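1. only geometry, no sequence info:
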């Protein structure tokens, strides 16, 4: 029975680590998107309201109004910030799960010794 419990906890620990790795990867991608959008927003500071702005939609560049384009970038940044917060909350939770599983594994291993 102890062996089954140990194997179950080991699998739980491994799954939690894999989940954490996926979350960290997602967090990294979100951070990249966030930085890219901050750069785009900074570029708006060099433009005026009469500047021609184009948005790449598939293989086509479509004209866009300055205010609309800037608003879209701001909304995208807000969305990404929310996603980063959501992922960070999941990361914290997964780290707690890993620590709990690690403690149980150590306790079970010490009980066997």
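-> Right, received. Where do you want to start? From a predicted model like this one, the values you see are computed outputs, not experimental measurements. Numbering: from 1, shown residues only.
2. elements contacting the longest helix anywhere in the chain?
-> Counting residues, the longest helix in the chain under DSSP state H turns out to be helix 66-112. Packing partners of helix 66-112 (3 or more CB pairs under 8 Å, 6 or more residues apart in numbering; DSSP states H and E): helix 2-44, strand 53-57. Yep, even glycine has a C-beta here, placed from its N, CA and C like the rest.
3. roughly how far out does that helix sit from the chain middle?
-> 7 Å (CA atoms, centre = their mean, to the nearest Å).
4. surely residue 74 is in contact with residue 40?
-> No - judged on CB atoms under 8 Å, residue 74 makes no contact with residue 40 at a distance of 10.1 Å.
5. the longest helix of the chain vs helix 2-44, what angle?
-> Helix 66-112 runs at 160 degrees relative to helix 2-44, counting by axes from the mean of the first three to the mean of the last three CA atoms, to 10 degrees.
6. quick revisit: for residue 97, which of the helices and strands packed on helix 66-112 is the nearest?
-> Nearest to residue 97, of all the helices and strands packed on helix 66-112, is helix 2-44, at 4.6 Å by CB to CB.
7. which other helices and strands contact that closest one?
-> If you count contacts as 3+ CB pairs under 8 Å, 6+ apart, helix 2-44 packs onto helix 66-112.
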